[in-house]
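Student: pasting the sequence and the predicted coordinates here, then a few questions.
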Amino acid sequence: MITSNKTEADRTDRDLAARCRRGEMVAFEELYRRHSGRLYNVAYRMTGSAADAEDLLQDVFLQVYRRIDSYRGDAALGTWLYRLAVNACLDHLRSHQGRQRKATDFIDDVEGLEPVASPSWQPDRALDRIDLESAISRLPPSYRTAFVLHDVEGHEHREVADMLGIAEGTSKSLLHKARVRLRAFLRGGPADEARRPAAASTTAGADGRRGER
Amino acid sequence: MDTKRPTALTCERMAPLVDDFVDDRLDPAAREQLDSHLAGCESCRRMADDLREIRRGTRALPTHAPRPEVWARIAGQLAAQTPARSRTFWTGARVAMAMAAVMVLSVVTSVVVLRGPRPETQPTTPAQTAPAQTAAAAVHPSAPATVKDVDEHLRIADANYQQAITGLEKIVTSEQAALDPAVAATLQKNMGIIDQAIRESRAAIKSQPTSQLAQTSLFDALRQKVALLEDTIALINVMRKGDQAGAAKIIGGLSKS
């Protein structure tokens, strides 16, 4: 049933893309209605800012409108849209790196990490949502991307790999590091990510993407 | 403390299993292997418990949605960039927009009726609604719609929106003292964004009179303005009644829109 719904959704997306290529604004608006929510959510979790997420969503859909001719249907439209959105988010984060982010955001090998401000997560206590959101916002962009797409958005590693243009093993490795890093932020103590060897074949760049396809 | 200290290699080999365990993807054999290790390794057990809790917490995170203004901004920008499309192609959509404008007028009338008699601020009198009825009849889907007809209907629709907005704005202006200053400031900011979208769309229509994209974005922005004004009036009404719960509900809706 889920597969059937997904197939139907993909078909609708392809129809909409074809109509967008013919210049139908109504189809483009429908495309926006179908996908803007999830793309906005990704942008919000990636940037931690509603205003930035809205600006990025706007930029992404203006890109979609300009580049819809280059979408040939070899991947699901949703995957293509996620790819554009994630790349826009990573570009945004990189552009803010020097001004707003700590340099350690882009360094993977951090020996010890300070916990998030006043974490309330103690043994036998429920994890506080604010602490968790704060910890997610401190993940390095490549970790955050894999975490948001897999754990927040619920995509499979195969899909995440496709969206980011990386190997599936790299997606698993990034996710594992993200989870362990989150734990370190929330509990304090070392970011013990060395237990799991990096994927043998890593094609991603330092920011976790290989580029748009 | 650990009751049985496993080798570092064992812990290392367990790490990938912990991820699959957290994701409920472990097959029974691997699960047995992991359970056996966790029973003797407190460090890995704590890690697994924490990662499961983080996974649970992540699943419970709220989802967020963009405000409608984002679409208005996108449509406005595209309208300014895109050459006009085939006129006949858009006829159906444009007629639909015109009908929507007529429906807005009836909503405005309802808002005023519900609010009670305040003749000096009522935006629609029987004389004023007459053109709307004329427009409604004119844009009925069964009627033949030539390009000339559609242009005329759009002009009427735009005028109807403006009439609706003018009426709603009069009410808001005269009653806005009832609003909390912070809420009023937020509403004003949102209104500013919508007004900007309206200005951009009108500028785009001026430079490209036949651009359907510009018309779409204009009517989107006009619809949003009417909706925001209606919400504002509803908020004023519930605040006057001292209905804090009702006010909170409307304010919650405004923050999402």
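Tutor: Arrived safely.
Student: ignoring the adjacent residues along the chain, who's closest to residue 30?
Tutor: Since you didn't name a chain, this refers to chain A. The shortest distance from A:E30 to any non-neighbouring residue, by Cβ to Cβ, 6 or more residues apart in numbering or on different chains, is to A:L16 (5.7 Å). For the C-beta atoms, the positions are set from N, CA and C on the backbone; glycine is no exception.
Student: hmm, no, I was thinking of chain B.
Tutor: Spatial nearest neighbour of B:A30, excluding adjacent residues (Cβ to Cβ, 6+ apart): B:L17 at 5.7 Å.
Student: how many residues are close by B:L222?
Tutor: 26 (other Cβ atoms under 10 Å in any protein chain shown).
Student: contacting residues around it?
Tutor: B:101, B:158, B:161-162, B:165, B:198 (Cβ atoms under 8 Å, 6 or more residues apart in numbering or on different chains).
Student: ok, now how distant is it from chain A?
Tutor: 15 Å (Cβ to the nearest Cβ, to the nearest Å).
Student: buried subset of the contacts of B:L222 as a ChimeraX selection?
Tutor: Buried subset of the contacts of B:L222, written as a ChimeraX selection, criterion 16 or more other Cβ atoms under 10 Å in any protein chain shown:
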select /B:101,158,161,165,198
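Student: among the contacts of B:L222, which one lies nearest to A:H92?
Tutor: Minimum distance to A:H92 across those is 28.1 Å, recorded for B:I198 (Cβ to Cβ).
Student: and that closest one, how far is that from chain A?
Tutor: Relative to chain A, and taking Cβ to the nearest Cβ, B:I198 is found at 17 Å.
Student: repeat for B:I74
Tutor: 5 Å.
Student: number of residues surrounding that residue?
Tutor: Using other Cβ under 10 Å, B:I74 has 25 neighbouring residues.
Student: that one belongs to a helix, doesn't it?
Tutor: Yes - counting by DSSP: H, G, I helix; E, B strand; the rest coil, B:I74 is part of a helix.
Student: so for it, what's the pLDDT?
Tutor: For B:I74, the model assigns a pLDDT of 90.
Student: ok, now the one 4 residues further on?
Tutor: The model reports B:L78 with a pLDDT of 82.
Student: and what of the one 5 residues further on?
Tutor: Note for B:P83: predicted pLDDT of 56.
Student: how much space separates the residue sitting nearest the centre point of chain A from A:T79?
Tutor: Chain A has A:T145 as the residue nearest its centroid, 3.4 Å off, counting by Cα atoms, centre = their mean. Using Cβ to Cβ, to the nearest Å, A:T145 is found at 14 Å from A:T79.
Student: and A:D162, by the same measure?
Tutor: Counting by Cβ to Cβ - A:D162 and A:T79 are separated by 5 Å.
Student: same check on A:A126?
Tutor: Per Cβ to Cβ, A:A126 is found 35 Å from A:T79.
Student: what stretches of chain A score poorly on pLDDT?
Tutor: Within chain A, the stretches with pLDDT under 70 are A:1-4, A:97-125, A:189-213.
Student: swap the cut-off to 50 and go again
Tutor: Within chain A, the stretches with pLDDT under 50 are A:1, A:101-112, A:192-208, A:210-213.
Student: try chain B
Tutor: In chain B, residues with pLDDT under 50: B:1-8, B:84-95, B:98-99, B:102, B:105-145, B:257.
Student: what parts of it come near chain A?
Tutor: For chain B, the contact set with chain A under Cβ under 8 Å from any Cβ of the partner chain comprises B:11-12, B:15-16, B:19, B:22, B:47, B:50-51, B:53-61, B:63-67, B:69-71, B:73-75, B:77-78, B:85, B:89-90, B:93, B:212-213, B:216.
Student: restricted to helices, list these.
Tutor: Mapping the residues of chain B next to chain A onto helices (DSSP state H) picks out B:11-12, B:15-16, B:19, B:22, B:47, B:50-51, B:53-59, B:69-71, B:73-75, B:77-78, B:93, B:212-213, B:216.
Student: in PyMOL, select just the buried ones from these.
Tutor: Entered in PyMOL, the line below selects the buried ones among these, by 16+ other Cβ under 10 Å:
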select buried, chain B and resi 11+15+16+19+22+47+50+51+53+54+55+57+58+69+70+71+73+74+75+77+78+93+212+213+216
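Student: can you give me phi and psi for A:E153?
Tutor: Backbone dihedrals for A:E153, given as degrees, to the nearest 10, come out at phi -90, psi -20.
Student: isn't it up against A:Y40?
Tutor: No - with contact defined as Cβ atoms under 8 Å, A:E153 does not count as touching A:Y40 (11.6 Å).
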